[in-house]
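S.K.: sequence and predicted structure below; questions after.
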Amino acid sequence: MISIVGLSGFWILTLLTLHGADVGETKKSSLNEPDVPFPPAFPTVKNLAAICLLGQGRPRYLSSFFPNSGVSHFRRRGNAINRMESWFSLCCRGQEDQIFCCTQQAWKQALSQFCTEESSIMTVAYVCCADTGEARWTCFNSELPNPNYDTTPGYTAPPVPEEAGFTFDANAC
């Protein structure tokens, strides 16, 4: 026969476990996971100045930022952000009338490459990577942790080599 004390203890333990579970894509957990705000926002007229002028105030995710094991999905997110910030920098140094279009292409190419990397591993890929076309971009541009590309107070990005692989197509603007 099951005692009332044992049964109530079971339910308390179950509720505590469920309460502490991290079921969201970018929520912080109590497991000391790296803080990699993801996904980045789509470039807009409203956030373009911050993208171009305040890039050195947003975090870069060097390999030393991550623990040695167990966080490969955060590492891929960090790499995507590093890649995108590098490509934004290239765009912002370009012709003024093409900067906006260039940053939008850089965002899409960086996240496309992220999805390619996500699909090449044997775990569940980031939820937006399952979508295609406009549905993918709409998914990535929802629930944004930093839609305005605000800086991190007191932070200056370390020198990071430029990422190769970005191709700007002026005819697509």
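M.R.: That came in fine, so what should we check first? Residues are numbered from 1 along each chain as shown.

S.K.: please make it C-alpha for all contacts and neighbour counts, starting now.
M.R.: Noted.

S.K.: before we move on, which element is the residue nearest to the spatial centre of the chain in?
M.R.: Relative to the mean C-alpha position of the chain, the nearest C-alpha, by C-alpha atoms, centre = their mean, is the one of residue 38, at 2.7 Å. Using DSSP states H and E, no element contains residue 38; it sits outside every helix and strand.

S.K.: quick one: it and residue 64, what's the gap?
M.R.: Note on residue 38: its distance to residue 64, by C-alpha to C-alpha, to the nearest Å, is 19 Å.

S.K.: starting at the chain centroid, how far to stretch 90-109?
M.R.: Distance of stretch 90-109 from its chain centroid, counting by C-alpha atoms, centre = their mean, to the nearest Å, is 19 Å.

S.K.: cool, stretch 59-75 as well?
M.R.: Taking C-alpha atoms, centre = their mean, one finds the center of stretch 59-75 at 12 Å from the center of the full chain.

S.K.: could I get the phi/psi values of the residue nearest to residue 65 when sequence neighbours are not counted?
M.R.: Among residues not flanking residue 65 along the chain, residue 34 sits closest, at 7.7 Å (C-alpha to C-alpha, 6 or more residues apart in numbering). Backbone torsions for residue 34, taken as degrees, to the nearest 10, come to phi -60, psi 150.

S.K.: residue 34: what's it in contact with?
M.R.: By C-alpha atoms under 8 Å, 6 or more residues apart in numbering, residue 34 lies in contact with 65, 66, 71, 74.
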